[in-house]
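**Student:** From the sequence below, what's the structure:
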Amino acid sequence: MNHEEAARKLGVDPASLSPAPSAPRFAQTWARMQQEPPCSACGRPSRTSSVIHGQDHVPCWFDRCRECFLATAPTLRVPPTRFLEELREVAAGARLPLRTYTDEGGWDGE
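**Tutor:** Down below sits the predicted model:
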């Protein structure tokens, strides 16, 4: 799920969040995370910070604690098997060793 979907699932109104840079540099996001602002959903100290973009509001910070992040974790845009196939192809093309572990097949690449 993307950030906007996560905010909806957690009942967070983006209009209530702090304004953020449109495209923050990693250093800006890291500095915010080090401050541990309150989770946008529950108020506990946050562990992740990201920016929500929307048509009805300016870019804003979306901070989540560990529990709220895990409840709304990002999802892959492709099935996991396809993702692993593409990852293996890229690693082979770059001549990088790759070992993956899945619950179904155990370790691959040993």
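**Student:** which other helices and strands contact the worst-scoring helix or strand of the chain on mean pLDDT?
**Tutor:** Using mean pLDDT, DSSP states H and E, the weakest-scoring helix or strand in the chain turns out to be strand 106-108, at a mean of 77. With contacts defined as 3 or more C-beta pairs under 8 Å, 6 or more residues apart in numbering; DSSP states H and E, strand 106-108 has these neighbours: strand 100-102. (Glycine included, C-beta is placed from N, CA and C.)
**Student:** And the strand it packs on, how far out from the chain middle?
**Tutor:** Averaging C-alpha positions (C-alpha atoms, centre = their mean, to the nearest Å) puts strand 100-102 21 Å from its chain's average.
**Student:** Now the longest helix belonging to the chain: average pLDDT?
**Tutor:** Secondary structure of the chain per DSSP state H: the longest helix is helix 80-93. Mean per-residue pLDDT for helix 80-93: 89.
**Student:** Point to the residue nearest the middle of this structure.
**Tutor:** In the chain, the residue lying closest to the centroid (C-alpha atoms, centre = their mean) is P74, at 5.2 Å.
**Student:** how about the nearest residue to it, chain neighbours excluded?
**Tutor:** Ranked by C-beta to C-beta, 6 or more residues apart in numbering and with sequence neighbours excluded, the top spatial neighbour of P74 is M1, at 6.6 Å.
**Student:** mind listing what that neighbour touches?
**Tutor:** 9, 72-75 (C-beta atoms under 8 Å, 6 or more residues apart in numbering).
**Student:** and if you look at S46?
**Tutor:** Shown in contact with S46 (C-beta under 8 Å, 6+ apart): 33, 36-40, 63-65.
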